[in-house]
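*Asks:* pasting the sequence and the predicted coordinates here, then a few questions.
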Amino acid sequence: MNYPIYLDYNATTPCAPEVIEAMLPYFGTHFGNAASKSHPYGWMAENAVEEAREKVAHLIGAKSKEIIFTSGATESINLGIKGIFENYAGERQHYITCQTEHKAVLDTFAELEKRGAEVTYLPVNSKGEISLSDLETAIYPHTKMICLMWANNETGVIHPIPEIAQLCEKNCIIFFTDAVQAAGKIPVSVKSVHLMALSAHKLYGPKGVGALFVRHNHELPKPLAQIHGGGHEKGMRSGTLNVPAIVGFGKAAELRLGEMTQDARRLELLRNQLEKALLEIPGAVLNGSQENRLPHVTNIAFAGVEGEGLFRKVNLKVAVSSGSACTSISPKPSHVLQAMGLDPDLGRASIRFSLGRITTEKNIEDAIAWVKKVVEEVINV
């Protein structure tokens with residue numbers, strides 16, 4: 001197939017060649033079950049899992065025993081949020097999150113509301129930023145958790161994580177952060193964080209594997225298991241471990257730790273080149289903050305253009321998205337851009353460009369030429 005230029009790395013990333021190479025032996029030669037403790041097949045698998053656990057922990061400054069492997073970030077988020085809710089069963093419970101969180105978070109909190117929880121959804125300004133004073137004001141005596149993403153998947157906007165963590169610590173509240181788009185792209189630390197969701201396929205690892213960081217040796221409770229049967233992963237997540245995927249996750253984490261700083265500088269230059277050229281188009285505006293954001297992401301709205309036609313034509317030669325991959329089939333404007341106060345028509349005519357490890361300057365030059373051509377054609381229709 002003649003694939004278009006890929007600028008949708010926030011949706012997923014290709015497995016790094018080194019990751020694929022590391023995984024392959026665990027599909028065949030080393031096929032053992034990591035829970036089989038009585039023979040070398042199981043020992044080999046278990047050792048590989050524990051080595052990967054160390055690597056994932058190292059990426060975020062955690063201890064290996066604080067990493068719980070899951071099937072992906074959505075499961076990690078459900079385990080973290082619902083598991084805490086169930087731990088506080090019988091008590092009055094209040095949670096704080098934000099209107100621009102990923103649907104995995106918003107839909108999970110919507111479910112908790114059905115079960116009796118109170119949830120505050122913080123607003124954002126036109127740049128997608130929360131107010132720390134609004135956050136502090138929203139805290140009640142029965143607030144159990146503040147759940148805010150490290151970096152937004154659509155705009156790249158980064159929340160003030162150290163200040164949020166400090167606020168949680170001062171009020172003895174659990175801080176849960178969805179770090180899916182940040183980990184492996186920028187430095188991420190679990191300092192003062194209680195729960196953190198991660199996903200391998202966002203950082204050049206395989207799909208179908210993620211992790212939940214759960215702080216140990218803390219007075220605040222840990223989440224209760226949502227999947228039962230066998231007591232795997234310290235009793236928090238039962239089920240036979242996906243050893244090849246976990247090995248791939250570990251290798252990807254190791255690679256990103258070594259290359260993300262240099263890669264971020266390179267991608268920021270390319271992103272700025274793309275952004276500067278596209279913002280020269282009449283009616284083009286940046287969605288989100290220009291300063292406090294991920295280095296590889298830009299989200300641009302094209303005023304006066306019919307969104308569906310623009311999106312369909314751009315994707316003929318440049319693979320991009322209008323928002324989260326989980327909601328890309330929806331004709332509705334992004335809930336993130338709506339929360340930022342963007343007009344619905346402008347929201348539908350917005351494109352997220354996200355660059356990655358194998359993006360080249362030629363890719364960017366070709367993408368600029370194609371998007372400019374498409375916008376001109378769509379406007380003239």
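*Replies:* Great, that's in hand.

*Asks:* what mean pLDDT does stretch 195-209 get?
*Replies:* Here stretch 195-209 scores 98 as its mean pLDDT.

*Asks:* which residues in the stretch 51-200 of the chain form strands?
*Replies:* 67-70, 94-98, 118-122, 143-147, 174-178, 195-199 (DSSP state E, counting those that start in this stretch).

*Asks:* these two touch, right, Asn87 and Leu224?
*Replies:* Yes: between Asn87 and Leu224 there is a contact under C-beta atoms under 8 Å: 5.2 Å. Using the backbone N, CA and C atoms, a C-beta is placed for each residue, glycine as well.

*Asks:* if we can go back for a sec, what's the most buried one of the strands of the stretch 51-200 of the chain?
*Replies:* Of all the strands of the stretch 51-200 of the chain, strand 195-199 carries the top mean neighbour count, a mean of 29, counting by mean count of other C-beta atoms under 10 Å.

*Asks:* quick one: it to strand 174-178, angle?
*Replies:* Strand 195-199 and strand 174-178 are oriented at 10 degrees to each other (axes from the mean of the first three to the mean of the last three C-alpha atoms, to 10 degrees).

*Asks:* show me what strand 195-199 is packed up against.
*Replies:* helix 40-60, helix 73-87, strand 174-178, strand 210-214 (3 or more C-beta pairs under 8 Å, 6 or more residues apart in numbering; DSSP states H and E).

*Asks:* can you tell me the SS state at Ala34?
*Replies:* Following DSSP: H, G, I helix; E, B strand; the rest coil, Ala34 is assigned to coil.

*Asks:* contact partners for it?
*Replies:* Gly42, Ala45, Glu46, Ala48, Val49, Thr240, Leu241, Val243 (C-beta atoms under 8 Å, 6 or more residues apart in numbering).

*Asks:* swap the cut-off to 7 Å and go again
*Replies:* By C-beta atoms under 7 Å, 6 or more residues apart in numbering, the residues touching Ala34 are Gly42, Ala45, Glu46, Val49, Leu241, Val243.

*Asks:* let me see the contact set for the first one.
*Replies:* What that stands for is Gly42. Contacts of Gly42 by C-beta under 7 Å, 6+ apart are Gly32, Asn33, Ala34, Ala35, Ser36.

*Asks:* in the helix or strand harbouring Ile20, which residues are buried?
*Replies:* Assigned by DSSP states H and E, Ile20 falls within helix 17-23. Using 16 or more other C-beta atoms under 10 Å as the test for burial, helix 17-23 gives Val19, Ala22, Met23.

*Asks:* and of those, the nearest to Leu270?
*Replies:* Val19 (22.7 Å; C-beta to C-beta).

*Asks:* and that closest one, what does it touch?
*Replies:* Tyr204, Gly205, Gly248, Lys251, Ala252.
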